[in-house]
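A.B. asks: Here is a sequence with its predicted model. Questions after.
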Amino acid sequence: MIDHIRKRIENKKVLILGFGREGRSTLKLFLEAGGAKELAVGDLKEFSQKDLSYLNEETAEVQAAGFEEINFICGPDYQKAMDDYDLVMKSPGIVLEKPVGEYKAEILSQMQLIFEVYRDRIIGITGTKGKSTTTTLLYHILEEAQVPAVLAGNIGIPVFDIVHKIEVDSLLILELSCHQLEYMTVSPKRGVLLNIYEEHLDHYGTMEKYVASKEKIYANQLPGDLLYVHPSVAPKEDSHRGTCIFVETEREANKGKTEGKEGVADRTDAADGAVDITSDGGVVLRGTKIIYGKRSFEIPVEKISLLGVHNYLDIAFVYGICCDLGIGNEQFEKGLISYVPLPHRLQYIGTVDGVAYYDDSISTIDETTIQALNTIGNADTVLIGGMDRDISYVNLEEYLASSKVAHIILMEATGKRIYREITENMPDFAGKERLYVVEHLEEAVALAKEITKKGGSCILSPAAASYGIFKDFEKRGECFKRLVLEEE
């Protein structure tokens, strides 16, 4: 990998765009590779040489790479310097001011470079929701089965941080965001597309552009490559050269069959045995039983921490991949039972005064809030609201209208918008007295403690982003936990 990087940057003027965690790891590896004619860092924030203290033996590394100093281009006009460079390494969080084709420089990313070297060993996982759970679950089961693998990507680990951990037979388990996929020209040998919901329209402007970024997971796959995909987001035949492995519930499979989709529904009577993958093969979730070809697996619901059908479907995706990698049911079950879910994903945080509290701060769209309420059967109170990105809440509003949730606490900009849309557009909304409007999370938790009945549950499932209010959804979830448990 180091040799490949050196060839890519040799005798070139290189600008690292964005100096967060990924930008810092890019600079470190580029210094190790050496060969660039010039290195610079561009960022909206102000940085200087003292911010290079994270580098080991900083001065020695900089001198060894042939630089007296690294240039910093900071401030609101930092992107205007891009055309002064031959190559720009863009961090995923950076939004370009112009279409990528209008820049003179070649624009690359860590993901692009890692894919150029390790494409055949990458299992790339994306989707609007569920990708972190699917990625970490797959990695954990592989670890338990002693299959060499490394974990990185949107999970919070830049891929350049794991370069030196990659062994000759390692699989790379990578979570991929839409921003990491957006400009990719290489797709993984094994791709996973879980779902696509309305999201990130504040960045993309249109749903079509957002979907196009997600479709990069398979757009450049080759014949013989595999795409594990929910049929609702499957590629058209003429747009994909690999093989699709559909993953869906039995209800969806049967509906697809009646609508003319061949394949997966016909395989739901399979028994345990060898894997049989064909062009129309698929993974079917029948209740809590997963069926794939001639193999099947009963999810041990009482022994695992993942809750709800949406999580069971994520497990089905992982089961299909593990079957294809030769992992048996006993190994799969062992890893599944010992897996500890990531925080803020419908996480039980405790019972206070007879009320069970759940942190689902990861929820940033209406579908995930609906899933949370369907999963926690005794939900008495739900906390909804955050930054407004102009996505539709019609499905959630209609769901709430017919739900049995006794208390719906609406906060922040989206909460107020949902309240306004319900009161103005839904005259038949049952029990509008169930709606409460507050300003912020602090008031929402305080109210929830007053009105949630004992024996019921209170769920933070905002259906909205946290930006502008909290640093990220993790900080929002941590704040919720502190308020509930009254921690300092």
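C.D. replies: Everything's here; your move. Numbers count the residues shown, from 1 in each chain.
A.B. asks: which residues touch the residue nearest to the spatial centre of the chain?
C.D. replies: Nearest to the mean C-alpha position of the chain, counting by CA atoms, centre = their mean, stands residue 131 at 4.1 Å. Residues in contact with residue 131, defined by CB atoms under 8 Å, 6 or more residues apart in numbering, are 125, 154, 175-177, 192, 194. C-beta here means a position set from N, CA and C on the backbone, and glycine is covered the same way.
A.B. asks: could you redo the last one with a cut-off of 10 Å?
C.D. replies: 124-125, 153-155, 175-177, 192-195, 314, 317 (CB atoms under 10 Å, 6 or more residues apart in numbering).
A.B. asks: Turn these into JSON lines, including pLDDT, neighbour count and secondary structure.
C.D. replies: Shown next, in JSON lines, are these (pLDDT from 0 to 100; neighbours: other CB atoms under 10 Å; DSSP: H, G, I helix; E, B strand; the rest coil):
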{"residue": "124", "pLDDT": "98", "neighbour count": "30", "secondary structure": "strand"}
{"residue": "125", "pLDDT": "98", "neighbour count": "33", "secondary structure": "strand"}
{"residue": "153", "pLDDT": "97", "neighbour count": "27", "secondary structure": "strand"}
{"residue": "154", "pLDDT": "95", "neighbour count": "21", "secondary structure": "coil"}
{"residue": "155", "pLDDT": "93", "neighbour count": "18", "secondary structure": "coil"}
{"residue": "175", "pLDDT": "98", "neighbour count": "25", "secondary structure": "strand"}
{"residue": "176", "pLDDT": "98", "neighbour count": "29", "secondary structure": "coil"}
{"residue": "177", "pLDDT": "95", "neighbour count": "18", "secondary structure": "coil"}
{"residue": "192", "pLDDT": "98", "neighbour count": "32", "secondary structure": "strand"}
{"residue": "193", "pLDDT": "98", "neighbour count": "27", "secondary structure": "strand"}
{"residue": "194", "pLDDT": "98", "neighbour count": "24", "secondary structure": "coil"}
{"residue": "195", "pLDDT": "97", "neighbour count": "19", "secondary structure": "coil"}
{"residue": "314", "pLDDT": "98", "neighbour count": "28", "secondary structure": "helix"}
{"residue": "317", "pLDDT": "98", "neighbour count": "28", "secondary structure": "helix"}
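A.B. asks: Out of the residues you listed, flag the one nearest to residue 164.
C.D. replies: Comparing the contacts of residue 131 against residue 164 with CB to CB places residue 153 closest, at 16.6 Å.
A.B. asks: Distance of that closest one relative to residue 323?
C.D. replies: 23 Å (CB to CB, to the nearest Å).
A.B. asks: for residue 180, same thing?
C.D. replies: Taken as CB to CB, the span from residue 180 to residue 323 is 27 Å.
A.B. asks: do the same with residue 154
C.D. replies: Note on residue 154: its distance to residue 323, by CB to CB, is 25 Å.
A.B. asks: what do you get for residue 374?
C.D. replies: 28 Å.
A.B. asks: For the two, indicate the residue with more neighbours.
C.D. replies: Per other CB atoms under 10 Å, whichever of residue 374 and residue 323 has more neighbours is residue 323, with 23 against 14.
A.B. asks: I figured that one was touching residue 331, is that so?
C.D. replies: No. Under the criterion of CB atoms under 10 Å, residue 323 makes no contact with residue 331, lying 11.0 Å away.
A.B. asks: Assumed residue 391 was part of a strand.
C.D. replies: No. Residue 391 sits outside any strand when classified using DSSP: H, G, I helix; E, B strand; the rest coil, being coil.
A.B. asks: so what's the closest residue to it other than its chain neighbours up against?
C.D. replies: Residue nearest to residue 391 in three dimensions, not counting chain neighbours: residue 198, with 4.8 Å by CB to CB, 6 or more residues apart in numbering. Residue 198 sits next to 128, 207, 210-211, 365-367, 389-393, 395 when contact means CB under 10 Å, 6+ apart.
A.B. asks: What's the per-residue pLDDT of residue 273 here?
C.D. replies: In this model, residue 273 is scored at 34, pLDDT.
A.B. asks: Can you list the low-confidence ranges for the stretch 1-150 of the chain?
C.D. replies: Low-confidence segments of the stretch 1-150 of the chain (pLDDT under 70): 56-69.
A.B. asks: May I have the residues that are in contact with residue 377?
C.D. replies: Contacts of residue 377 by CB under 10 Å, 6+ apart are 404, 457.
A.B. asks: re the thing from before, so the residue nearest to residue 391, which state does it fall into?
C.D. replies: coil.
A.B. asks: And it, how close does it get to residue 390?
C.D. replies: Here the criterion is CB to CB. By it, residue 198 lies 10 Å from residue 390.
A.B. asks: Now do stretch 129-142: distance to the chain's middle.
C.D. replies: In this view, stretch 129-142 has its centroid 10 Å away from the chain centroid, taken as CA atoms, centre = their mean, to the nearest Å.
A.B. asks: Only the C-alpha atoms, please, for it, written as PDB.
C.D. replies: Extracted in PDB, the C-alpha atoms of stretch 129-142 (Å, rounded to 0.1, in the frame of the first residue of the first chain):
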ATOM      1  CA  LYS A 129     -29.600   2.900   8.200                       C
ATOM      2  CA  GLY A 130     -28.100  -0.300   9.800                       C
ATOM      3  CA  LYS A 131     -24.700  -0.100   8.300                       C
ATOM      4  CA  SER A 132     -22.700   0.300  11.500                       C
ATOM      5  CA  THR A 133     -24.500  -2.600  13.200                       C
ATOM      6  CA  THR A 134     -24.100  -4.800  10.100                       C
ATOM      7  CA  THR A 135     -20.400  -3.900   9.700                       C
ATOM      8  CA  THR A 136     -19.400  -4.400  13.400                       C
ATOM      9  CA  LEU A 137     -21.500  -7.600  13.700                       C
ATOM     10  CA  LEU A 138     -19.900  -9.100  10.600                       C
ATOM     11  CA  TYR A 139     -16.400  -8.200  11.900                       C
ATOM     12  CA  HIS A 140     -17.100  -9.600  15.300                       C
ATOM     13  CA  ILE A 141     -18.300 -12.900  14.000                       C
ATOM     14  CA  LEU A 142     -15.300 -13.200  11.700                       C
END
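A.B. asks: hang on, the earlier thing: buried by neighbour count, from the contacts of residue 198: which ones?
C.D. replies: 128, 210, 365-367, 389, 391, 393, 395 (16 or more other CB atoms under 10 Å).
A.B. asks: okay if I get those as TSV plus distance to residue 147?
C.D. replies: Listed next are those as TSV, based on distance: CB to CB, whole Å:
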residue	distance to residue 147
128	28
210	33
365	33
366	37
367	32
389	39
391	38
393	42
395	39
